[in-house]
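Asks: My questions concern the predicted model and sequence given below.
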Amino acid sequence: ALAGATRAGRRAIAVVASAGSTATGAFDPLEPVADFAQAHGLWFHVDGAHGAAASLSPKYRAQVKGIERADSVVWDAHKGLLMPALVTAVLFRDGARSFDAFSQEAHYLFHGDGDDARPYSDVGLRTLECTKEMMPLKVYACLSVLGTRVFEEAVTASYDQARRFAGMLTAAPDFQLALEPDCNIVCFRHTPAHVPPEGWDALQVRLREELVSRGSFYLVQTRLPRGVYLRTTLIHPLTGDADLEALLDALRRAARP
């Protein structure tokens with residue numbers, strides 16, 4: 001891709017790796033991506049919105065090995081750290097670079113030449129939004145009161161549960177697992193014997209609409225190379241394996257002719 005961009009006269013400025021892709025939760029191998037970015041003088045950014053939380057789990061932090069070499073990382077605390085939405089952070093290896101990237105000129109708000117000595121105390125100088133809620137306070141308060149252990153345990157438990165759910169799906173003859181989960185996102189589809197393969201995509205769409213409209217379960221859907229799949233993210237700490245069994249039973253009932 002870099003060679004192709006260069007031949008086309010385009011200048012590549014960064015390499016972006018996924019640490020938990022949106023559709024399936026798949027992780028890129030961050031270490032070799034970091035090596036490539038370093039070798040070619042490129043900014044290394046990790047989209048860890050969903051999966052950066054794996055770094056807190058001793059059991060699963062190998063998933064993000066190499067993230068510490070990133071120049072910048074996006075991390076959503078409401079995806080894995082039990083925070084209410086929305087709590088999103090952009091973390092920079094060099095804090096001054098955040099000011100370079102997001103500084104803005106608005107003469108009706110800011111008075112200075114851009115080299116203001118306040119970049120770290122005035123977040124208004126480092127955002128595209130002039131009005132922001134104090135999102136970090138939620139994380140800071142929880143860390144101050146609870147420490148990190150509760151988050152370590154939550155991440156590990158949700159990743160463990162995703163693997164158990166994948167096992168349930170693999171063992172069920174009328175369900176297909178899209179791929180083994182890397183984190184707490186599981187993609188699957190219901191494939192009952194009375195529905196031919198060419199009808200599976202439409203079935204997943206119908207099943208999702210029916211379950212969501214009932215209000216008993218919430219699922220989303222995603223399109224992968226082999227078709228439409230149901231997608232669930234296991235985050236709620238009170239979700240048990242029995243709930244997942246009940247989900248499969250509900251899908252079976254909804255699919256009956």
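Replies: Nice, I can see it.
Asks: Run through the stretch 1-150 of the chain and note the low-pLDDT ranges.
Replies: 102-125, 128, 130 (pLDDT under 70).
Asks: Tell me which stretches of it form strands.
Replies: Ranges of strands in the stretch 1-150 of the chain, per DSSP state E, counting those that start in this stretch, are 14-18, 43-47, 72-76, 88-92.
Asks: any idea where the helices of the protein begin and end?
Replies: Ranges of helices in the chain, per DSSP state H, are 2-7, 30-39, 95-102, 136-146, 149-171, 200-214, 241-255.
Asks: Run the angle between the second one and strand 43-47 for me.
Replies: Using axes from the mean of the first three to the mean of the last three Cα atoms, to 10 degrees, the direction of helix 30-39 lies 150 degrees away from that of strand 43-47.
Asks: can you list contacts of helix 30-39?
Replies: Defining contact as Cβ atoms under 8 Å, 6 or more residues apart in numbering, one finds that helix 30-39 is touched by 14-15, 17, 19, 42-44, 46, 64-67, 69-70. Glycine gets a C-beta too; all of them are placed from N, C-alpha and C.
Asks: Just give the closest residue to residue 20, not the sequence neighbours.
Replies: residue 51 (2.6 Å; Cβ to Cβ, 6 or more residues apart in numbering).
Asks: for that neighbour, phi and psi?
Replies: Dihedral pair for residue 51: phi -100, psi 0, per degrees, to the nearest 10.
Asks: would TSV of the strands of the stretch 1-150 of the chain with mean neighbour count be doable?
Replies: As requested, the strands of the stretch 1-150 of the chain are exported to TSV (neighbours: other Cβ atoms under 10 Å):
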stretch	mean neighbour count
strand 14-18	19
strand 43-47	22
strand 72-76	21
strand 88-92	15
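Asks: Brilliant, that's me finished.
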